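J.: return a 3D structure for these sequence lines:
(2 chains)
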Amino acid sequence: MSILVIAEHDGKELRSGTLNTITAAGQIGSDISVLIAGNDCSSLSNTCATIDGVSQVLVVNDPMYQHDLPENLAPLIKSLANDYSHVLAPASTYGKNLLPRVAALLDVQQISDISAILSKDTFVRPIYAGNALATVQSNDAIKLITVRTTAFEAATIQGGSASVVEVPSIDCETLSTFLGEELTSTERPELTSASIIISGGRGMQSGENFSMLEQVADQLGAAVGASRAAVDAGYVPNDYQVGQTGKVVAPDLYIAVGISGAIQHLAGMKDSKVIVAINKDEEAPIFQIADYGWVTDLFSAMPALAAALDTDP
Amino acid sequence: MKVLVPIKRVIDANIKIRVKSDSSAVELNNVKMAMNPFCEIAVEEAIRLREAGLVEEIILVTIGAPQCQETIRTGLAMGADRGVLVEADNDTEPLGVAKLIHAITLRENPRLVLLGKQAIDGDNNQTGQMLAGLLGWSIGSFISKLEVDGDNVNVVREVDGGLEKVALSLPAVATVDLRLNEPRYASLPNIMKAKKKPIDVLTPEELGVDVSRRTRVVNVEEPPGRDAGVQVSSAEELVDKLRNEAKVI
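T.: Numbering: from 1, shown residues only, chains lettered A, B, ... in the order given. From the prediction side, this is the model:
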């Protein structure tokens, strides 16, 4: 078994899901290579060489890889894939955008969003918004897999001593051009790796009211999330969305405030260790999966919660 | 230009699914079916492009059992012009589906293929990206905005960190996310009109496409359940439980 992990990064740091994907790779086999494709990533590749369990870092520096365009990256990964039994990427928007194109070029049926590894060719993956789990066996010579990163621990960036090898870029026709991005900047933890998340739904009634959640989030060191309804209503940006089609999270503590609990939202958070639901509608489906339910008006509950957190344990 | 919109028939998004007692699959018999919600958004976007005078013809294509014609009729009633059904197993894998749509694309010669970013049954999120790879076309995935700009389409993509803007040279494939638009309901006169719109029926063999499976579903089961917990009645009680019982803060 030799496994290639496609690293997701911004040129300076790995995005968190990459380390979880490396842990998943380690459950398949021990010969793990990591591909860092980007522009000016030499320092990042040296950091990656110290990740526990990684034996080789492949690095390619070329401006055409800077913006993660799949039209440019897929031919590169295709050119490397034949040396591997498995190619893994995180099931983030990066991996979802990229890996199916590679799969098409290699004539492979990709296995998406795996949550467990049963053997080198058999994997478990959620379907129907996590309301069923399918066990799937692949017959393809190369397995292409995206990994549900919340289902695997993060590998540690120490203890490894991988070799770093430069690989050439692969020429390709320019089909698309990166024009720009609007990334949400926050001092709070990233949703997909936070250990505590507080999310708001339609019940928040406005974007301004999210400041009540932010206050509690800062007291707890938590990330702030949202349901689709809150994002659709324009209260918060799209990258806050937790659910079947947004981010999948599994923190130690998930506090759902003014969220009714549509199955599409539950799909994104029901693997959280402890779930708290605060909602004035006692019939809200979220209460059926909450460890602690509090039927109350959130507008009085949130200041009370902030005050209670201020008291010494 | 011509737009091709591949669509899928799935269990209605509001239905709670059941796993078959033999753990082979999710029960589809006697269950309400509907067009995949992301596909409706793709159909709506194509219609809006036509209303803006940028598109002349909208062709729907679906892969599956004969009943999938109903789903095509739904899209025709929204405003698409004609449909193509490729009769194949309902569980044809994304690679097979992408190959069939690839073959249809070569026959129909659209400049733009618009499709949903994922189907809410398999949750694979692969077909559009695979199709673009097979065609060698540009891809804009998970888009929440689309503008035709001469020989390009400029798209806004919803990514984990926020939004990303990309220019795709035409011909292109784009997969749509939830916030691109709100699909219309078909009016009664349009539902009647849709009954007369043509639907071609083809087979994978006629298209020369091999859709044999690459994966085997070993079993399907329900995930471990979660029980409702306890009710609290004050912030102090909640904080106490989280600190001393759950020990998560």
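J.: for the spatially most central residue of chain A, which residues are in contact?
T.: Nearest to the mean C-alpha position of chain A, counting by CA atoms, centre = their mean, stands A:Ser92 at 4.7 Å. Each residue near A:Ser92 by CB atoms under 8 Å, 6 or more residues apart in numbering or on different chains is listed here: A:Glu8, A:Arg15, A:Gly17, A:Thr149, A:Thr192, B:Asp160. For every residue, glycine as well, the C-beta is placed using N, CA and C.
J.: hmm, try it at 7 Å
T.: Neighbour list for A:Ser92: A:Glu8, A:Arg15, A:Gly17, B:Asp160 [criterion: CB atoms under 7 Å, 6 or more residues apart in numbering or on different chains].
J.: right, and the second one touches A:Glu8 too?
T.: Yes: A:Arg15 lies in contact with A:Glu8 (CB atoms under 7 Å); the separation is 4.2 Å.
J.: any idea of the mean pLDDT for stretch A:176-191?
T.: In this model, stretch A:176-191 has a mean pLDDT of 93.
J.: same deal with stretch A:220-234?
T.: Per-residue pLDDT values across stretch A:220-234 average out to 97.
J.: buried stuff in it?
T.: Within stretch A:220-234, the residues that count as buried by 16 or more other CB atoms under 10 Å in any protein chain shown are A:Leu220, A:Ala222, A:Ala223, A:Val224, A:Gly225, A:Ala226, A:Ser227, A:Arg228, A:Ala229, A:Ala230, A:Val231, A:Ala233.
J.: those residues also near chain B: which ones?
T.: The subset of the buried residues of stretch A:220-234 lying close to chain B, counting by CB under 7 Å from any CB of the partner chain, consists of A:Leu220, A:Arg228.
J.: what is the neighbour count of the residue lying closest to A:Pro285 once chain neighbours are set aside?
T.: Counting by CB to CB, 6 or more residues apart in numbering or on different chains, A:Pro285 lies nearest to A:Gly261, which is 4.0 Å off, once chain neighbours are set aside. Applying other CB atoms under 10 Å in any protein chain shown, we find 23 other residues in the vicinity of A:Gly261.
J.: how about A:Thr186?
T.: When neighbours are defined as other CB under 10 Å, A:Thr186 has 14 of them.
J.: what's the pLDDT at residue 201?
T.: Here I'm looking at chain A. 98.
J.: meant chain B actually
T.: B:Val201 carries a pLDDT value of 98.
J.: neighbouring strands - and their directions - for the strand or helix carrying it?
T.: Following DSSP states H and E, one finds B:Val201 within strand B:199-202. In the sheet containing strand B:199-202, its partner strands are strand B:82-87 (parallel), by DSSP bridges.
J.: which strands and helices sit next to whichever helix or strand comes after the strand it pairs with?
T.: Of the helices and strands lying after strand B:82-87 in sequence (DSSP H and E), the nearest is helix B:94-108. If you count contacts as 3 or more CB pairs under 7 Å, 6 or more residues apart in numbering or on different chains; DSSP states H and E, helix B:94-108 packs onto helix A:93-106, strand B:2-7, strand B:57-64, helix B:127-135, helix B:204-207.
J.: which one, of those, ends up nearest to A:Val276?
T.: Ranking those by their distance to A:Val276 (criterion: CB to CB) puts helix A:93-106 first, at 27.8 Å.
J.: and the angle from that closest one to helix B:127-135?
T.: Compare the direction of helix A:93-106 with that of helix B:127-135 by axes from the mean of the first three to the mean of the last three CA atoms, to 10 degrees and you get 40 degrees.
J.: nearest to A:Leu305 among the buried residues of stretch A:220-234?
T.: Where the buried residues of stretch A:220-234 are concerned, and distances follow CB to CB, A:Leu305 has its nearest neighbour in A:Leu220, at 9.8 Å.
J.: could I get the full set of strands for chain B?
T.: Counting by DSSP state E, chain B forms strands over residues B:2-7, B:9-11, B:33-35, B:57-64, B:82-87, B:112-116, B:138-149, B:152-159, B:162-169, B:172-176, B:199-202, B:215-221, B:230-231, given from the N-terminal end onward.
J.: and these: which comes nearest A:Leu298?
T.: Using CB to CB as the criterion, the shortest distance between A:Leu298 and those is 15.6 Å, found for strand B:230-231.
J.: partners of that closest one, with directions?
T.: Using DSSP bridges, the neighbouring strands of strand B:230-231 in the sheet come out as strand A:292-295 (parallel).
J.: could I have the helix or strand following the partner strand exported to CSV, CA atoms only?
T.: For strand A:292-295, the following helix or strand on the C-terminal side (DSSP H and E) is helix A:298-310. Listed next in CSV are the C-alpha coordinates belonging to helix A:298-310 (Å, rounded to 0.1, in the frame of the first residue of the first chain):
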residue,chain,number,x,y,z
LEU,A,298,-33.2,32.9,23.4
PHE,A,299,-33.2,36.6,23.8
SER,A,300,-33.4,36.3,27.6
ALA,A,301,-31.5,33.0,27.7
MET,A,302,-28.3,34.3,26.0
PRO,A,303,-27.6,37.1,28.4
ALA,A,304,-28.4,34.7,31.3
LEU,A,305,-26.0,32.2,29.9
ALA,A,306,-23.3,34.8,29.5
ALA,A,307,-23.7,35.8,33.1
ALA,A,308,-23.7,32.2,34.4
LEU,A,309,-20.5,31.5,32.5
ASP,A,310,-18.9,34.5,34.2
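J.: and helix A:298-310, what's its mean pLDDT?
T.: When pLDDT is averaged over helix A:298-310, the result is 97.
J.: packing partners for it?
T.: Helix A:298-310 sits against helix A:210-220, helix B:235-240, with contacts defined as 3+ CB pairs under 7 Å, 6+ apart.
J.: let's see it at 10 Å
T.: Packing contacts for helix A:298-310, counted by 3 or more CB pairs under 10 Å, 6 or more residues apart in numbering or on different chains; DSSP states H and E, involve strand A:196-200, helix A:210-220, strand A:253-257, strand A:274-279, strand A:292-295, helix B:235-240.
J.: from the chain's centroid, how far away is that helix?
T.: What separates the centre of helix A:298-310 from the centre of its chain is 30 Å, taken as CA atoms, centre = their mean, to the nearest Å.
J.: for stretch A:200-220, same thing?
T.: A distance of 23 Å separates the C-alpha centroid of stretch A:200-220 from that of its chain, computed with CA atoms, centre = their mean.
J.: list the buried residues of that stretch.
T.: Neighbour-count burial for stretch A:200-220 flags A:200-205, A:209-210, A:212-213, A:215-217, A:220 (criterion: 16+ other CB under 10 Å).
J.: again, but for stretch A:147-155
T.: Taking 16+ other CB under 10 Å as the basis for neighbour counts, the residues of stretch A:147-155 that come out buried are A:Val147, A:Arg148, A:Thr149, A:Thr150, A:Ala151, A:Phe152, A:Ala154, A:Ala155.
J.: anything in it near chain B?
T.: No: for stretch A:147-155 and chain B, the contact criterion (CB under 10 Å from any CB of the partner chain) is not met; the two come no nearer than 10.6 Å.
J.: could I get the CA-only coordinates of that stretch as PDB?
T.: Coordinates of each C-alpha in stretch A:147-155 appear next as PDB, following Å, rounded to 0.1, in the frame of the first residue of the first chain:
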ATOM      1  CA  VAL A 147     -12.200  11.900   3.800                       C
ATOM      2  CA  ARG A 148     -14.800  13.200   6.300                       C
ATOM      3  CA  THR A 149     -12.100  14.800   8.400                       C
ATOM      4  CA  THR A 150     -14.200  15.000  11.600                       C
ATOM      5  CA  ALA A 151     -14.200  11.200  11.700                       C
ATOM      6  CA  PHE A 152     -10.400  11.000  12.100                       C
ATOM      7  CA  GLU A 153      -8.000  12.600  14.600                       C
ATOM      8  CA  ALA A 154      -5.400  15.100  13.300                       C
ATOM      9  CA  ALA A 155      -1.900  13.800  12.800                       C
END
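J.: tell me if stretch A:73-86 is near chain B.
T.: Yes: Stretch A:73-86 reaches chain B (CB under 10 Å from any CB) through A:Ala74, A:Pro75, A:Lys78.
J.: cool, thanks, talk later.
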